[in-house]
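Q: Kindly generate the corresponding structure for this input.
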Amino acid sequence: MKQLHDINEQVLNGELNALDAYIRLKRIKTLLEDVLKGVKEQAVEEAEKYGEKTFEAFGATIEMRAGGGTWNYKDLPWWDSFKAKQEAAQKAYKSSQVYMTIVDDNGEIIKPAIYKPNSPTISVKL
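A: Prediction:
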């Protein structure tokens, strides 16, 4: 933990290039995520032994939660139509950026989707 704090301090003090620090930290994060994935299943099994939804152990409060699921609409009859409309709205947005409109097969203007960009980021591949 101290090493991470030291990296931050070195960047703030101008002793370490921020991009170099970012790459170092990204390596640490990748390694940490891999290790966490490796022990997660066993940690959940261990936590289940406590038999409570919320409990204290090893200086931390642990809360057992159900994992979130994902929705899959692909087998529903309206899915293909929805996907086509979604793609048309995205194309309409892109066209609107160059002051063009798109019409459907019936001659109706396709309303553009709303696009909200995320804040800038950098990608580092290790």
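Q: Doesn't Phe55 lie inside a strand?
A: Yes: secondary structure of Phe55 (DSSP: H, G, I helix; E, B strand; the rest coil): part of a strand.
Q: Counting neighbours, what do you get for the closest residue to it other than its chain neighbours?
A: Excluding its sequence neighbours, the residue lying closest to Phe55 (Cβ to Cβ, 6 or more residues apart in numbering) is Ile62, at 5.6 Å. The C-beta positions use only the backbone N, C-alpha and C, and glycine is treated the same way. Ile62 has 15 neighbours, counted by other Cβ atoms under 10 Å.
Q: For this structure, which residues score under the pLDDT cut-off?
A: Along the chain, segments meeting pLDDT under 70 span 122, 124.
Q: domain assignment for it?
A: Taking automatic domain parsing as the criterion, the chain consists of the domains 2-63, 70-115.
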